[in-house]
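Chemist: Coordinates only, no sequence provided:
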């Protein structure tokens, strides 16, 4: 909670005054599909604090988007997918090198660049999954 929720709150608190005064800006918070995954057994590798914190990031982003919309600020919660790191390799070790599990990090970077361009401002407040959502085809309308 300290990192995943408070960290995003403090970052937004720091940048919002400038964004509100100039009446434009974009905030991208990193969430996770874990915010929405069903808990199927006690053996699930994702723990309650992680899942709850990512759900909080999603809802915080959604609420902040509504609160700042009239000031020209867009806010998004995105999931980069399951990117290979030391932590995810350990957590998802049973999946090995299954290409359907791992997400290329460039995909999340492309999504952030598209958000930064303003092309997705109409979708402010949305949770966007870099892998599973078809954000490349979404229009400005």
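Modeler: It's in. Everything numeric here is computed off the predicted structure, so don't read it as measured data.

Chemist: host element of residue 110?
Modeler: helix 105-116 (DSSP states H and E).

Chemist: Next, the buried residues of that helix.
Modeler: 107, 108, 111, 112, 115 (16 or more other Cβ atoms under 10 Å). Backbone N, C-alpha and C define where each C-beta goes, glycine included.

Chemist: Can you report phi and psi for the closest residue to the second one other than its chain neighbours?
Modeler: Read it as residue 108. Spatial nearest neighbour of residue 108, chain neighbours left out: residue 80 (3.3 Å); criterion: Cβ to Cβ, 6 or more residues apart in numbering. Residue 80 adopts backbone torsions of phi -80, psi -10, taken as degrees, to the nearest 10.

Chemist: ok so, going back, mind giving me the packing neighbours of the helix holding residue 110?
Modeler: strand 25-30, strand 73-79 (3 or more Cβ pairs under 8 Å, 6 or more residues apart in numbering; DSSP states H and E).

Chemist: Make a markdown table from these and add mean pLDDT and distance to residue 6 to it.
Modeler: Written out in a markdown table, the entries for those read as follows (pLDDT from 0 to 100; distance: least, Cβ to Cβ, whole Å):
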| stretch | mean pLDDT | distance to residue 6 |
| --- | --- | --- |
| strand 25-30 | 97 | 12 |
| strand 73-79 | 96 | 16 |
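
Chemist: so which of the ones you listed is the most packed in?
Modeler: strand 73-79 (a mean of 25; mean count of other Cβ atoms under 10 Å).

Chemist: quick one: contacts of that one?
Modeler: The contact list for strand 73-79 (Cβ atoms under 8 Å, 6 or more residues apart in numbering) reads 12, 16, 19-20, 24-33, 35, 57-58, 60-62, 64-65, 68, 108, 111-112, 115, 118, 120-121, 123-131.

Chemist: Provide the strand pairings for it, with the direction of each partner.
Modeler: Strand 73-79 pairs in its sheet with strand 25-30 (parallel), strand 127-129 (parallel), by DSSP bridges.
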